[in-house]
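J.: Next one to model:
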Amino acid sequence: MMIELLLKNSFCLSQLQSPDAIAYVEHLNDPTIHQTTENIPYPYTKEHALHWIQRHTNITNQYGTQSLISCCRS
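T.: The predicted structure is shown next:
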């Protein structure tokens, strides 16, 4: 079941999906992010993003909780 939470200004939060990997790479492939966090690698690759998404998908499937951490524009 797809869950989507609509926010103001045409933004929404939705479940993580594999196509979100592109946005993760775009936004997290930044040396400043790496320098100011403990666990985000640099360079941040599509494989990193897919691993992260799969990890949260597995948690959702195992425990039945939804992660609404992907941002989209309506």
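J.: for residue 14, helix, strand, or coil?
T.: Assigned state for residue 14: strand (three-state reduction, DSSP: H, G, I helix; E, B strand; the rest coil).
J.: what's the single longest helix in the chain?
T.: Counting by DSSP state H, the longest helix found in the chain is helix 46-63.
J.: If we ignore the residues flanking it in sequence, what's nearest residue 21?
T.: residue 49 (3.7 Å; Cβ to Cβ, 6 or more residues apart in numbering). Quick note: C-beta positions are derived from backbone N, CA and C, even for glycine.
J.: wait, that neighbour sits on residue 25?
T.: Yes - using Cβ atoms under 8 Å, residue 49 is in contact with residue 25, at 5.4 Å.
J.: From residue 29, how far out is residue 22?
T.: 11 Å (Cβ to Cβ, to the nearest Å).
J.: repeat for residue 38
T.: Counting by Cβ to Cβ, the gap from residue 38 to residue 29 is 17 Å.
J.: between those two, which one's more packed in?
T.: Set residue 38 next to residue 29 and count neighbours by other Cβ atoms under 10 Å: residue 29 wins out with 18 against 5.
J.: And the contacts of the helix or strand in which residue 33 is found?
T.: Residue 33 is part of helix 31-36 when elements are defined by DSSP states H and E. Helix 31-36 is contacted from outside by 27, 40, 41, 42, 44, using Cβ atoms under 8 Å, 6 or more residues apart in numbering.
J.: Just say helix, strand or coil for the fourth one.
T.: When the structure is split into helix, strand and coil by three-state DSSP, residue 42 lands in coil.
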